[in-house]
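Q: Turn this into a structure:
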Amino acid sequence: IPTANQVSLGRETPKHYGITSPISLVQAKEADLVLTHRLTEALKPYGVFEEELELQRRIHVLGKLNTLVKEWIRDVSETKNLPASVIETVGGKIFTFGSYRLGVHTKGADIDALFVAPRHVERTDFFSSFLDKLKEQEEVKDLRAVEEAFVPVIKLSFDSIEIDILFARLALQTIPKNLDLRDDGLLKNLDIRCIRSLNGCRVTDEILHLVPDIENFRLTLRTIKLWAKRHNIYSNILGFLGGVSWAMLVARTCQLYPNAVASTLVHKFFLVFSKWEWPNPVLLKQPEDCNLNLPVWDPRVTPSDRYHLMPIITPAYPQQNSTYNVSVSTRAVMVDEFKQGLSITDEILQNKAEWSKLFEAPNFFQKYKHYIVLLASAPTEKQHLEWVGLVESKIRILVGNLEKNEFITLAHVNPQSFPGPKESREKEEVSTMWVIGVIFKKMEASENLNVDLTVDIQSFTDTVYRQAISSKMFEADMKIQAMHVKKRQLHQLLPSLVMPKRRKHSTEGLRQMNDSSLDLSLDSDNSMSVPSPTALSAAESAAERQTSGDPVPSSQNPTPPPCMGPPAAPQTPSPPATMGLPADPQTPSPPATMGPPVAPQTPSPPPTMGPPAANKTPNQEVLEEKSPKEHQMEDPSIVPETKTTEDRGAPNNNLIISLSPQRVVSTDLSDVPLLPANPIPVVKNSIKLRLSR
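A: Numbering: from 1, shown residues only. This is a model prediction of the structure:
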C-alpha cells in the first residue's frame, strides 16, 4: 500500500497497488497523450470542469463555514465551563468528501462536508445552537435539518452553494489541525451515527491514497461519470451505481494499469468490467479487522451478503458493499453498457470515431416495446417533495417484483424523472413520473399470453403507503398510479425534448376519463388506474391504528396495509404470485426464493417461478401484442362501478394470469377476515396485457 508521500510525489511506484499485481506496466506513448488531450476537449462542452473563479468561490465559502464552526465551538465550550486555556486549543474542523474532495465535481454541484467536533460537543448541540447560528447568517438560505435520517444531516445553501453537513463527535479532548481521519483508532468509543458520518471522508481519502496517479484518476473518473449519466445508469437509489461506486471501479482500473494515461484508462475500464465475473467483489485493498466489532461485508459470515449481485467494497473500515441496491435487471443493463463502451473506445483508439460518440445518449424511449409509467402525485409542492423522495427510494422494490414475475425477462428503470400530467385542471396537484422499460419472455407453449402485473404493482404501493403512514408522512390525496404504455404511446406523456420527432397525433396529451383515471389505451390493453375517494379523516384513523415500531402489519393485526381488498371466496386455493420484500429499506433483498410469500389466508400450492433472468440482455426480442379487439375481455379484478361506496374504498386485489383464454388462476392477497370501517383511500393499479407469440 503506497504512503501519502509516494502518492503526492507520483514518481516512486511501489510493487503494486491493490490486492493483485498490475495487468500492464506499459508507459504512455505519444499517441495516448494526443488521445487524452482530445478527451479533455470533448469533455468541456458538458460542463464537467469548473472555472477557476467558481472554484475560488467554493474555497472562500468553506473558509467562512470553518470560521463559523470554530466560533461556535468556542461558544459551546464557554457555556460548558471549560478552562480558558482549553477553549483556545480545543479546535474543530470542516472536512469535505465526495466528488468535491475527489476533485471531480462539476459546475453547480453541491459540497458534502463533515463537521468534526471534540468530545464535549454533543450532537444535540449541533442540531440546536449550531442550527440557530446558521439561521443568523445572511448568506444562508434553504436551511433544514434532517435529524432522524440514517445519516443525520443539515442541508443549506451558503452564498448560493448547496452544502450538506454531517456531524461526528470524536473521543478527543482537542481536534488537532493535522488530523488524519483514516486512522482506525478514531472509531473507538463512537456511536454508530458518528461512524456512519465519518465513513464518507474515510472512504474518499482511502481512494485517493490507493491510486498511482491522482490526475489520471480524476480525468478518467470525470469521463466515466459523464458517460454513466448520459447512458442513464448513474443512480444508487434506483439500483445502478452512485458516485463512490464509479470512483472505486475507476480506482481499481488505475491500480491494474498504473502507468496508463486517461485515454487508455477509459478503454481499460470498459475492458475490465465488461469481462468481470460478477458477483466476485471489487476490492481496492485487503480488508482489515480492527476488532471494534462493527459489521463488515463478509459473505462467509453474513448470509445476506451472499445475495449481493455486484459487490464493490469500500476500502475503509468498516468495509461495506456500496452497491447492495443492484438488481438482476440493473446489473444486466450496466454490463450491456460496459460492452458497448468497449466497442466504442476500440473505435476511438483506432481513430475510427471521436470521443463525442462515447457521450451520445441512447434513446431509452425507443429501446423497448413495453413500458410501465409510474406517477407519484400530491396536493401541494411541499408534500410532493417528501412523497416523491419516498416513492423513488422504493422503486427498486417494484423492479424486484417485476423481475420475479415468471413472464418478465428484464425491467429497466430510467433514472431521469419527468413532471407528470395533472389529473384535472381544477386541482393544484403536483406529480412526478418515472418510466420503466419491460422485456417479456418469449413463450413457446402458448399462442396467446395474458399477463397481469396487478399484484406486482400492488405489493410495491402497499410498501410505500405503509412506510408513509409509519413515518407519519402520509396525507390525503398522496397517490401512486401505474400504467402500461406501448412505445408508440409515450409521446402523449413525455416532453417533446426527450422523444424523437414524429407526426402530430390527434389526441392532445392524456384523455380524461369520467372517473378521473388516466387512459392511455389507444390500443386498449385493459390498463387502468382508478383513484378511490379520499378523505383526511380516513387516513388519520388508519394511521392511528398502525403500530409505531413495525410498519408491516402481521396477520393478527386487524388493520390491513393500504390497498388491501376484501378476501376472495374461501374455496379457491391460490398460489402467491410475488414474494415478500423486507420492510427495512437498508436491508438488501434476497433472491425470490428466500422471502416469505404475501400472507394468503387459504392453503396454497408452491408458486411456479420462472427461470432466472440474469443472462438476458436488453436487446432480446419482445413479444408482439394482439389487436385491440382481442383485448375486450372481462376483468374480474377491476372494481365495478355498481359497487357500494364501502367496496370502492377498498379495491379487490385478485390476480389473473391466463396462458390461454381457457385457463384462469385467481390469487387472493387479503390477510384480514373483515374490512375495517375506514380503509385507507388509495389508488388501485391494475395492469393486464395480452401478448401473442
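
Q: Pro295 and Thr302 touch, don't they?
A: Yes: counting by CB atoms under 8 Å, Pro295 does reach Thr302; the two are 7.3 Å apart. From N, CA and C alone the C-beta is placed, and that goes for glycine too.

Q: Got the domain ranges for this protein?
A: Annotated domains of the chain cover 15-46+211-362, 50-209, 364-495+684-692 [the TED database].

Q: As CSV, the ones you listed with mean pLDDT and mean neighbour count would be great.
A: Below are those laid out as CSV (pLDDT from 0 to 100; neighbours: other CB atoms under 10 Å):
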stretch, mean pLDDT, mean neighbour count
domain 15-46+211-362, 94, 19
domain 50-209, 91, 17
domain 364-495+684-692, 85, 20
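
Q: And the strands in the stretch 151-300 of the chain, which stretches?
A: Per DSSP state E, counting those that start in this stretch, the stretch 151-300 of the chain has strands spanning 153-158, 161-169, 282-283. These are given in chain order.

Q: which other helices and strands contact the longest one?
A: Strand 161-169 is packed against helix 52-79, strand 111-117, strand 153-158, helix 192-209, with contacts defined by 3 or more CB pairs under 8 Å, 6 or more residues apart in numbering; DSSP states H and E.

Q: For it, which strands pair with it and how are they oriented?
A: Applying DSSP bridges, strand 161-169 is found paired with strand 111-117 (parallel), strand 153-158 (antiparallel).

Q: Same check on the shortest one?
A: Strand pairing for strand 282-283, using DSSP bridges, gives strand 312-313 (parallel).

Q: hmm, who's touching the strand it pairs with?
A: 241, 245, 248-249, 281-284, 287, 297, 319-323 (CB atoms under 8 Å, 6 or more residues apart in numbering).

Q: separation between the closest residue to Ile175 other than its chain neighbours and Val485?
A: Distances taken as CB to CB, 6 or more residues apart in numbering put Gly91 closest to Ile175, at 3.5 Å, once the chain neighbours are dropped. According to CB to CB, to the nearest Å, Gly91 and Val485 sit 58 Å apart.

Q: How about Glu360?
A: 25 Å.

Q: same question, Pro419
A: 16 Å.

Q: do the same with Val250
A: 36 Å.

Q: Repeat that for Ser160.
A: 39 Å.

Q: ok, now Ile175?
A: Taken as CB to CB, the span from Ile175 to Val485 is 55 Å.

Q: Glu403 is in contact with Ser329, correct?
A: Yes: between Ser329 and Glu403 a contact is recorded at 5.6 Å, counting by CB under 8 Å.

Q: Can you tell me the closest non-neighbouring residue to Glu122?
A: Spatially, and ignoring its direct neighbours in sequence, Glu122 is nearest to Arg169 (6.8 Å; CB to CB, 6+ apart).

Q: residue contacts, the one you found?
A: Contacts for Arg169 (CB under 8 Å, 6+ apart) come out as Ala117, Pro118, Arg119, Val121, Glu122, Arg123, Leu190, Asp191, Cys194.

Q: The residues you listed into TSV, with extra columns for distance to Asn66?
A: Below are the contacts of Arg169 laid out as TSV (distance: CB to CB, whole Å):
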residue	distance to Asn66
Ala117	13
Pro118	15
Arg119	20
Val121	15
Glu122	20
Arg123	19
Leu190	22
Asp191	24
Cys194	19
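
Q: Of all pairs in those residues, which one spans the longest distance?
A: Within those, Pro118 and Asp191 form the most distant pair, 14.9 Å apart (CB to CB).

Q: Following the chain past the strand or helix carrying Val464, name the next helix or strand.
A: Using DSSP states H and E, Val464 falls within helix 454-470. Downstream of helix 454-470, the first helix or strand assigned by DSSP H and E is strand 479-486.

Q: Name the SS class of Leu375, please.
A: strand (DSSP: H, G, I helix; E, B strand; the rest coil).

Q: what's near enough to touch it?
A: Contacts of Leu375 (CB under 8 Å, 6+ apart): Gly420, Ser431, Thr432, Met433, Lys479, Ile480, Gln481, Ala482, Met483, Leu518, Ser529.

Q: could you redo the last one with a cut-off of 7 Å?
A: By CB atoms under 7 Å, 6 or more residues apart in numbering, the contact set of Leu375 is Gly420, Ser431, Met433, Gln481.

Q: so the second one sits right up against Ser377, yeah?
A: Yes: with contact defined as CB atoms under 7 Å, Ser431 reaches Ser377; the gap is 3.6 Å.

Q: Helix, strand or coil: sort out Leu43 for me.
A: With three-state DSSP as the basis, Leu43 sits in helix.

Q: What residues are bridge-paired with Ala168?
A: Where Ala168 sits in a bridge, its partners, by DSSP bridges, are Val116.

Q: Surely Thr432 forms part of a strand?
A: Yes: using three-state DSSP, the assignment for Thr432 is a strand.

Q: would Glu428 count as being in a helix?
A: No: counting by three-state DSSP, Glu428 falls outside a helix, being coil.

Q: residues contacting it?
A: By CB under 7 Å, 6+ apart, the contact list for Glu428 reads Pro379.

Q: cutoff 8 Å now
A: Pro379, Thr380.

Q: From Glu392, how far out is it?
A: Glu428 sits 22 Å away from Glu392, going by CB to CB.

Q: what's the spacing between Met248 and Ile207?
A: In terms of CB to CB, Met248 sits 7 Å off from Ile207.

Q: which neighbours do these two share?
A: In contact with both Met248 and Ile207: Leu284, Pro315, using CB under 8 Å, 6+ apart.

Q: measure Ile207 to Ile233 for me?
A: 20 Å.

Q: next one: Asp142
A: 30 Å.

Q: these two touch, right, Thr174 and Val90?
A: Yes: because the distance of 5.2 Å satisfies CB under 8 Å, Thr174 is recorded as touching Val90.
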